[in-house]
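Trainee: Sequence plus predicted model, see below.
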Amino acid sequence: MEAEGAGAPAAPEVVPVRVRRLDPDLPLPRYAVAGDAGADLLARHDVELPPGGRATVPTGLALALPEGYAGFVHPRSGLAARHGVTTLNGPGTVDAGYRGEVMVTLLNTDPEHAFTVRRGDRVAQLVVQRVARAELVVVDELPPSPRGEGGHGSTGGWSPPGDGRATVGPRTTPDGGPLTSTEMSTTGDQRVPGEEQP
C-alpha cells in the first residue's frame, strides 16, 4: 500500500524577491535547470584574474530579500573544475537588510595561468534560504550527544594533537608502520595512497 502523501515531489517554495537592475542590459539571474537550488549570477564587467590572484566582480544586481530569508553566494562547480576559479568567503551572505550591489570575490587558484572573466559570464550561484535567528542561552552543561566534543575530522579517524595545534602528519599503524591503501579506506583516511603530507 502506498504511503499517504507519496507520489510526485512537492514543488519548491517560490519566494518573491524585489531586485534593482543596476545594469539594465545584463540579464537577470536564472535557474539553469528546473529543480536547481542556485540561480546564476553574471559578471557586470570584464575582469582579469592573474595566476593566484583575486578580484571582486560586480553582478549589476541589488536585492530586497524578505525578512526571514538570506541569500548565499556559492561557487560554480564548472569554474572550479575546469579553471580552478572559486569564490572567497564562500558562501558569502546577502542579508535581508542589505541594499547594495551583490559582489562576488573570485580567486584563481591556478599558479600558472591567468583567467579572464567576460561581461555576462556566470561567476557564482545565489541560493535563497529561510534563516533563523539564534537566541543564545548560557548554561553550565550541554546535553549529551552521540558525537560529543569530537570535531575537526574526528569522524574520519583523525584527531588533533594534545597541544591543540592543527597539524597533519603521516598516518601509521599501531606498530608504527605506514597505512596501506586498504587500511586508509577502512579508517576513513581520504588521502591518495602514497601521497606525502607537507
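Mentor: Cool, got the structure.

Trainee: Can you give me the domain assignment for this protein?
Mentor: 18-130, 169-198 (automatic domain parsing).

Trainee: Now the longest one: average pLDDT?
Mentor: Mean pLDDT, domain 18-130: 95.

Trainee: what about that domain, distance to the chain center?
Mentor: In terms of CA atoms, centre = their mean, to the nearest Å, the centre of domain 18-130 is found 12 Å from the chain centre.

Trainee: and A124, how many residues sit next to it?
Mentor: Residues near A124, counting by other CB atoms under 10 Å, number 30. Every C-beta, even on glycine, is put in place using the N, C-alpha and C of the backbone.

Trainee: Kindly report the same for Q125.
Mentor: Neighbours of Q125 (other CB under 10 Å): 23.

Trainee: How about the one 5 residues further on?
Mentor: The number of residues packed around R130, counting by other CB under 10 Å, is 10.

Trainee: longest strand in this structure, by residue count?
Mentor: Taking DSSP state E as the criterion, the chain has its longest strand at strand 54-64.

Trainee: picking up where we left off before, winner for burial among the domains of the chain?
Mentor: Of all those, domain 18-130 has the most neighbours on average by mean count of other CB atoms under 10 Å, namely a mean of 16.

Trainee: Quote the end-to-end distance of it.
Mentor: The first residue of domain 18-130 is 16 Å away from its last residue (CA to CA, to the nearest Å).

Trainee: repeat for stretch 128-146
Mentor: Start-to-end, stretch 128-146 (CA to CA) is 31 Å.
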